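A.B. asks: pasting a predicted model and its sequence here:
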Amino acid sequence: AEEASKILAEKRRLAREQREREDQEKLQREEEARIQNEELASLAQEKQAQEEAALLEMEELKRAEEEEQQRLAEKDRIQREQEEQEKLAELQLQREEAEAKASEEAERQRQERERIMQQNLQERLERKKRIEEIMKRTRKAEQSDTKNEDKSNEEDEDIEEDEEHSLEKQDQPEKSKCEDFCLEDDLEALCHFTLLQEDSKMGVDDVFLNGNKQEEEEERREDGPSLYFSQSVET
């Protein structure tokens with residue numbers, strides 16, 4: 001019986017040790033599993049953190065690129081605006097210079113036209129004055145010749161022709177009128193000849209501003225004979 005008790009006690013001890021080993025192994029396996037799970041969780045967290053960091057970095061890079069593009073676009077826009085403003089300023093300056101030159105040229109042409117008009121007017125007045133002086137001398141010479149001829153005829157007339165002379169005196173107004181018209185024709189011819197001489201001297205300088213020399217010539221001719229005709233009638 002004692003031997004059986006020893007054997008039973010030994011079996012119990014072995015069974016207890018077996019349970020203890022199994023419990024120890026179980027605890028060890030559980031610990032290893034826990035550690036492994038923790039490591040896996042840590043790796044997963046680390047991986048997630050890395051992915052989040054990479055994503056954040058990509059977002060930062062993308063945002064930086066967008067900001068750089070916006071900065072370059074703004075810089076390009078400002079540069080284009082400056083260039084456009086410079087072009088507009090240059091065009092405005094050119095326009096102002098062109099307007100100033102055009103104004104100066106217009107003023108110069110106006111002054112030149114006024115000078116030519118004054119010169120033409122002065123030349124016309126001088127020509128008229130010279131022609132008037134010539135016609136005055138011609139008229140005086142004609143009057144002197146007429147007086148001398150009348151005086152000679154009166155000395156040679158006989159007393160017997162008194163009646164005839166009286167009749168001639170009655171017809172004298174018509175005769176004087178006819179002589180005045182003849183003198184007018186001579187004066188007009190002399191005026192025309194003088195004007196032709198003056199025009200040949202003037203040459204290119206006598207070209208009038210409006211380009212219509214013929215009208216100005218006709219005006220001079222109309223002014224000349226009418227003036228001389230009025231002087232002849234007054235005489």
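C.D. replies: Arrived safely, thanks for sending.
A.B. asks: in this protein, which helix has the most residues?
C.D. replies: helix 2-156 (DSSP state H).
A.B. asks: show me what that one is packed up against.
C.D. replies: For helix 2-156, the packing partners by 3 or more C-beta pairs under 8 Å, 6 or more residues apart in numbering; DSSP states H and E come out as helix 172-202, helix 213-234. (Each C-beta comes from the backbone N, C-alpha and C, glycine too.)
A.B. asks: mean confidence score for it?
C.D. replies: Averaging pLDDT along helix 2-156 gives 88.
A.B. asks: from R16, how far off is D23?
C.D. replies: 10 Å (C-beta to C-beta, to the nearest Å).
A.B. asks: oops, could you answer that again for R71 instead?
C.D. replies: 80 Å.
A.B. asks: same question for E46.
C.D. replies: 44 Å.
A.B. asks: what sits against K140?
C.D. replies: Contact analysis of K140 by C-beta atoms under 8 Å, 6 or more residues apart in numbering lists nothing.
A.B. asks: then L56?
C.D. replies: So L56 contacts nothing (C-beta under 8 Å, 6+ apart).
A.B. asks: from M117, how far out is it?
C.D. replies: Counting by C-beta to C-beta - L56 and M117 are separated by 89 Å.
A.B. asks: again with Q109
C.D. replies: Q109 is 12 Å from M117, by C-beta to C-beta.
A.B. asks: neighbour count winner among the two?
C.D. replies: M117 (13 against 10; other C-beta atoms under 10 Å).
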